[in-house]
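Peer 1: Please work out how this folds:
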Amino acid sequence: MSGMRSLNSSSDSSSRFSRKSSRSPILEIDSWMPSKIQAISPLVDRLMRLIKRSQCVPGAELDVELALREALGNAVLHGNQEHAGTKVHIRCRCQPSSEVSFVVSDQGKGFDFRKMVGDGLTSDSAAEHGRGILLMKAFMDDVHFERGGSEVHMRKRARNSSH
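Peer 2: Numbering: from 1, shown residues only. From the prediction side, this is the model:
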């Protein structure tokens, strides 16, 4: 690990950055943020600066940013329900000219993602997860849920990548 820096100036969050060997310059970020809507933009802005500089998915940064904002918003609002004592865990892996992937985990009880229908909207019209999930799936190449719905995995490949 080459060093540690905080992505968020808030004492509630912590981040860890590492770069793998110089042959394969992979950027890995491991961060926690408080369950506050106000914490999303500063974190996403800092992550996106790093992703743009790393050239993981040139030209697709806006798609990545929109999906990441949706995932973090869902984790804060629906997962942790903005409870002060909870946090959201964000792991990012960026491989230049290849792909970027995220794992966003909340401390909530999850949701039944198996009730999703083909268009990305839930079969329960009262559920509020549907539109955000639809957007994440539209902007990213792969989106799936684990840990009972409290963890979303997303990946975007570079347009010229054959991976």
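
Peer 1: which residues are in contact with the strand or helix carrying residue 64?
Peer 2: Under the criterion of DSSP states H and E, residue 64 resides in helix 61-74. Outside helix 61-74, the residues within contact range by CB atoms under 8 Å, 6 or more residues apart in numbering are 33, 37, 40, 43-44, 47-48, 51-52, 57, 88, 90, 100, 102, 104, 106, 129, 132-133, 135-136, 139-140, 143, 152, 154, 156. The C-beta positions use only the backbone N, C-alpha and C, and glycine is treated the same way.

Peer 1: Regarding residue 50, what is its secondary structure?
Peer 2: Here residue 50 is recorded as helix under DSSP: H, G, I helix; E, B strand; the rest coil.

Peer 1: in stretch 142-151, what counts as buried?
Peer 2: For stretch 142-151, a neighbour-count test (16 or more other CB atoms under 10 Å) marks 143, 145, 149, 150, 151 as buried.

Peer 1: Confirm the first one sits in a helix?
Peer 2: No - with three-state DSSP as the criterion, residue 143 is assigned strand and is not in a helix.
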